[in-house]
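Student: Any chance you can model this:
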Amino acid sequence: MGNYDFTKQPSLLIQGAMDTETAYFIEHLEEYECVTIGNWKFHTGFLGAKREPVIISKTFQGMVNAAAATSLALAYFKPWAVINQGIGGGHDKKFHRGDIVLGEKVVPMGAIAYAFSEEGAGIDGKSFSLLPVEIFYRETGKTKKVTEYPCDGKLLKAAEQVKTKYHTGRGVIGSGDEWNNQLDRIALLRERYHTAVEDMESAAAAQLCLSYGVPFLGVRILSNSIVNGEKFDEAVGIDGQKFMLSLIDQMREYM
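Tutor: Residues are numbered from 1 along each chain as shown. This next block holds a predicted model:
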């Protein structure tokens, strides 16, 4: 496949924010090439036993970085699907450090509106609701306001069928430019939005994929679980990538 054109032929975009979420992929790429667009590098090649054409994108951390990297990749490479994966912090006690959450949907937990209160009334951290985000749908040319981003059912089913040593399960991914360490805050997010894990990138990627009409899946391996007293260990990002390689090898059966 030496003449494979990643800008014109089908390819899968796999994203991670940090080296611990992308380096293992890049090391295992066959026929590796690197494309630089603006401040972002996109690593193309073939992964897995079935040599799946992929683009590996290190987005850097945070929503703005993820949005920029996703927008560039969607416009330049036109991938057939996007999987945003990496490490995340646990909200649901049934998931422990090293477990993998397969996203049913992504909730932009940083997009919130607080209820009005008078000056001097104090700060009420519970009086908020999700702020609907405007989406421009490329196919229809129309806009719609939404409060969550669904993950692709076929990609999710494929991920559920992966035979792996890791404990996996469906869950809601909460996403925003925040790192929550207050147990009451996490409990509130669980109560209102049923979040299983949080990250700082997937909502940005999911929003753009919804806008472009591109299938999206979020996958997060827990690097820490404050609700279970389990401390942060970013090294589990390698295990997340190994799981992804297994998914890549069999996902076409479900698409």
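
Student: Show me the shaky parts of the protein.
Tutor: Low-confidence segments of the chain (pLDDT under 70): 1-2.

Student: Quick one: the helices in it, in order.
Tutor: Assigned by DSSP state H, the chain shows helices spanning 19-27, 63-76, 153-160, 183-193, 202-212, 236-250.

Student: Out of those helices, which one sits most buried?
Tutor: The highest average neighbour count among the helices of the chain, using mean count of other Cβ atoms under 10 Å, belongs to helix 202-212 at a mean of 26. Just so you know, the C-beta spots here come from the backbone N, C-alpha and C atoms, and that holds for glycine as well.

Student: Pull the residues that contact it.
Tutor: Contacts of helix 202-212 from elsewhere in the structure, counted by Cβ atoms under 8 Å, 6 or more residues apart in numbering, are 15, 59, 63-64, 66-67, 70-71, 74, 82, 84, 103, 106-111, 133, 135-138, 146, 149-151, 173, 175-176, 215-216, 218, 220.

Student: Show me which of those are buried.
Tutor: 15, 59, 63, 66-67, 70, 74, 82, 84, 103, 106-111, 133, 135, 149, 151, 173, 175-176, 215-216, 218, 220 (16 or more other Cβ atoms under 10 Å).

Student: Which of the helices of the chain sits closest to residue 46?
Tutor: Nearest to residue 46 among those is helix 236-250; the distance by Cβ to Cβ comes to 10.0 Å.

Student: Report the inter-axis angle for the closest one versus helix 19-27.
Tutor: Angle, helix 236-250 to helix 19-27, by axes from the mean of the first three to the mean of the last three Cα atoms, to 10 degrees: 40 degrees.

Student: Residue 126 versus the closest residue to residue 63 other than its chain neighbours, what's the distance?
Tutor: Once flanking residues are discounted, residue 63 sits nearest to residue 204: 4.5 Å by Cβ to Cβ, 6 or more residues apart in numbering. Separation of residue 204 from residue 126 (Cβ to Cβ, to the nearest Å): 26 Å.
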